[in-house]
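Student: Coordinates for the following, if possible.
(one chain, ligands or ions: 1)
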Amino acid sequence: MLDIQKIRAEFPILSQTVNGKPLVYFDNGATSQKPQIVIDAIAKYYQEINANIHRGVHTLSQLATDAYEISRGKVQHHINAKFTHEVLFTSGTTHGINLVTNGFASILKPGDEVIVSSLEHHSNIVPWQMLCEKTGATLKVIPMNEDGELIMEAYEALLSEKTKVVTVNHISNALGIINPIKYMIEKAHAVGAAVLIDGAQAVPHLKPDVQDLDCDFYAFSGHKMCGPTGTGILYGKEVWLNKLPPYQGGGEMIKEVTFEKTTYADLPHKFEAGTPNIAGGIVLGTAIDYLNTVGFENIQKQEEELLAHATKRLLEIEGLKIYGTGKNKASVVSFNIDGIHPYDIGSIIDKLGIAVRTGHHCAQPIMNFFCIPGTIRASFSFYNTVEEIDLMVEAVKKAKTMLS
Ligand code: C6P
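Tutor: Predicted coordinates:
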């Protein structure tokens with residue numbers, strides 16, 4: 001069992017008051033809070049080894065390069081990638097997905113098909129739409145049911161020899177539904193399609209095993225898993241990363257440059273043009289170490305309890321409807337109260353110190369499916385408590401009375 005109070009003491013922001021009330025932070029789906037060890041590691045990098053990487057023979061440059069590459073190795077180990085060079089540093093999930101869609105622009109042809117799911121974040125819709133516009137490929141969408149689960153029969157019916165790419169999130173940010181990605185990857189591979197998994201909402205809750213999943217790409221952000229903003233990872237199978245052209249041109253990604261011809265660096269540098277977020281990349285490794293120390297089994301146990309408690313308590317409120325009622329769920333509760341705009345509830349409970357996200361959560365097609373403008377989304381982390389959930393429930397009840 002986790003000692004939650006001890007863990008909470010490691011996150012300085014959690015002892016703050018907001019609007020004169022103790023902060024209850026339930027917007028972990030947007031970004032997680034950072035433990036002191038991560039905050040200190042950023043300062044330590046700038047105080048002790050700040051230098052550009054892969055460029056200098058001087059000592060600091062070597063130290064910074066080593067720390068950056070050690071962090072890449074930690075990520076490789078964490079997600080069980082076969083090779084370190086399959087792990088690319090990015091600025092976040094959005095960057096990783098765009099890197100892949102940009103690469104596929106030279107592969108897809110008119111008549112080819114790309115399959116996305118109806119549960120996607122805009123980051124995993126718009127880049128594929130742009131790709132389809134550019135190449136003449138067609139975008140197909142896996143439908144969902146009223147519980148927010150993807151309909152597997154419909155998915156399988158969409159797959160054909162025309163399918164070149166399938167992309168789906170591991171966990172939906174708006175509803176918290178965990179998708180059956182291993183099964184979906186297997187089905188996509190059976191028709192020869194590549195698969196990109198958007199793991200942005202999965203990595204705070206679980207340790208993905210990219211070899212076991214057999215996905216071709218897995219993108220995620222560091223800031224949702226206790227790491228700094230502006231950090232992320234794109235895992236790509238070696239064979240695919242060799243096939244795709246570079247995303248951006250510049251320093252670092254070349255072997256040799258002349259005005260006649262440029263040759264590109266080997267993986268992973270081919271995809272890492274320019275000076276990266278060095279401190280961020282290094283400290284992402286610190287965040288991963290931290291999460292592994294807490295332990296993903298412990299994280300899951302705590303979050304399961306929070307999800308069960310929040311679901312039960314919120315459903316006590318008359319007129320409250322939860323969206324995303326499928327069985328396989330992460331610690332996210334998206335809800336509305338009859339006749340009240342989600343924004344109004346969010347604003348009132350903010351005055352009571354409770355931070356939730358309201359709106360469409362960058363997933364407008366999901367809101368359109370349910371014919372709603374948005375939801376109130378409470379997304380929990382292992383450092384949250386059932387007492388905080390009770391505070392939220394009381395605050396929502398108060399807001400409901402005020403707005404009815
Ligand atoms: N979702 C949320 O509140 P970036 O912004 O690149 O770090 O992550 C984009 C992204 C991609 N896919 C999924 C499933 C996501 O949830 C997100 C980010 C946040 O739900 C901010 S919109």
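Student: got a list of what the residue of the stretch 201-350 of the chain found nearest the ligand touches?
Tutor: The minimum distance from the stretch 201-350 of the chain to the ligand, using Cβ to the nearest ligand atom, falls at Ser221 (3.4 Å). C-beta coordinates here come from the backbone N, C-alpha and C atoms, glycine included. The neighbours of Ser221, taking Cβ atoms under 8 Å, 6 or more residues apart in numbering as the test, are Gly92, Thr93, Ala200, Val203, Thr231, Gly232.
Student: in what helix or strand does the third one lie?
Tutor: It refers to Ala200. Using DSSP states H and E, Ala200 falls within no helix or strand.
Student: Leaving out sequence neighbours, find the closest residue to it.
Tutor: Leaving out its chain neighbours, the residue that sits closest to Ala200 by Cβ to Cβ, 6 or more residues apart in numbering is Thr93, at 4.2 Å.
Student: Quick check: Ile142 touching Ala157?
Tutor: No: counting by Cβ atoms under 8 Å, Ile142 sits too far from Ala157 to count as a contact (9.7 Å).
Student: And the two? Which one has more around it.
Tutor: Ile142 (24 against 11; other Cβ atoms under 10 Å).
Student: Report the beta-bridge partners for that one.
Tutor: Assessed by DSSP bridges, Ile142 has beta-bridge partners Ser117.
Student: Tell me the confidence at it?
Tutor: pLDDT for Ile142: 99.
Student: Which residues are in contact with it?
Tutor: Contacts of Ile142 by Cβ under 8 Å, 6+ apart are Ile115, Val116, Ser117, Ser118, Leu150, Ile151, Ala154, Tyr155, Leu158, Val168.
Student: count of residues packed around the second one?
Tutor: Using other Cβ under 10 Å as the criterion, Val116 is surrounded by 24 other residues.
Student: That one contacts Val141, correct?
Tutor: Yes: with contact defined as Cβ under 8 Å, Val116 counts as touching Val141 (5.9 Å).
Student: Closest to the centroid, which residue in this protein?
Tutor: Taking Cα atoms, centre = their mean, the centroid of the chain lies closest to Ala200, which sits 0.9 Å from it.
Student: Does it touch Ala219 like I think?
Tutor: Yes: counting by Cβ under 8 Å, Ala219 is a contact partner of Ala200 at 7.2 Å.
Student: Work out for me the element the residue of the stretch 251-400 of the chain found nearest the ligand sits within.
Tutor: Closest contact between the stretch 251-400 of the chain and the ligand, by Cβ to the nearest ligand atom, is at Cys362 (4.0 Å). Using DSSP H and E, Cys362 falls within no helix or strand.
Student: wait, what's in contact with it?
Tutor: Neighbouring residues of Cys362 by Cβ under 8 Å, 6+ apart: His121, His122, Ser123, Asn173.
Student: Which members of those are positioned in strands?
Tutor: Among the contacts of Cys362, DSSP state E puts none in strands.
Student: Of the residues you listed, select the buried ones using a ChimeraX command.
Tutor: In ChimeraX, a selection of the buried entries from the contacts of Cys362 looks like this (16 or more other Cβ atoms under 10 Å):
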select :121,123,173
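Student: which one of the contacts of Cys362 is nearest Val24?
Tutor: Asn173 (19.9 Å; Cβ to Cβ).
Student: buried stuff in the lengthiest helix in the chain?
Tutor: The helix that spans the most residues within the chain, counting by DSSP state H, is helix 59-79. Burial within helix 59-79, assessed by neighbour count using 16+ other Cβ under 10 Å, is assigned to 61, 63-65, 67-69, 71-72, 74-76, 78-79.
Student: now do stretch 102-116
Tutor: Asn102, Gly103, Phe104, Ile107, Leu108, Asp112, Glu113, Val114, Ile115, Val116.
Student: quick one: average pLDDT of stretch 10-18?
Tutor: In this model, stretch 10-18 has a mean pLDDT of 97.
Student: Could I get the full set of strands for the stretch 1-150 of the chain?
Tutor: Assigned by DSSP state E, counting those that start in this stretch, the strands in the stretch 1-150 of the chain fall at 17-18, 21-22, 24-25, 87-90, 113-117, 138-142.
Student: Report the two of the contacts of Ile142 separated the most.
Tutor: Farthest pair in the contacts of Ile142 (Cβ to Cβ) is Val116 and Ile151. Separation: 14.0 Å.
Student: And for Ala202, the neighbour number?
Tutor: Neighbours of Ala202 (other Cβ under 10 Å): 22.
Student: So it, which state does it fall into?
Tutor: Classification of Ala202 using DSSP: H, G, I helix; E, B strand; the rest coil returns coil.
Student: just checking, it touches Phe220?
Tutor: Yes: under the criterion of Cβ under 8 Å, Ala202 makes contact with Phe220 at 7.2 Å.
Student: Stretch 179-199 close to the ligand?
Tutor: Yes: shown here: stretch 179-199 in contact with the ligand (Cβ under 6 Å from any ligand atom) through Asp198.
Student: Name the residues of that stretch that are buried.
Tutor: For stretch 179-199, burial by neighbour count (16+ other Cβ under 10 Å) applies to 179, 181, 184-185, 187-188, 191, 193-199.
Student: before we move on, what about stretch 156-166?
Tutor: Buried-residue list, stretch 156-166, by 16+ other Cβ under 10 Å: Leu158, Leu159, Lys162, Thr163, Lys164, Val165, Val166.
Student: what comes into contact with it?
Tutor: Contacts of stretch 156-166 (Cβ under 8 Å, 6+ apart): 104, 107-108, 111-115, 128, 137-138, 140, 142, 184-185, 187-188, 190-196.
Student: Next to the ligand in this structure, residues from this structure, please.
Tutor: Counting by Cβ under 6 Å from any ligand atom, the chain sits next to the ligand at 29-30, 92-94, 121, 123-124, 169, 173, 198, 200-201, 221, 357, 361-362.
Student: before we move on, the earlier item: the longest helix of the chain: how far from the chain's middle?
Tutor: Its chain's average C-alpha position is 22 Å from that of helix 59-79, according to Cα atoms, centre = their mean, to the nearest Å.
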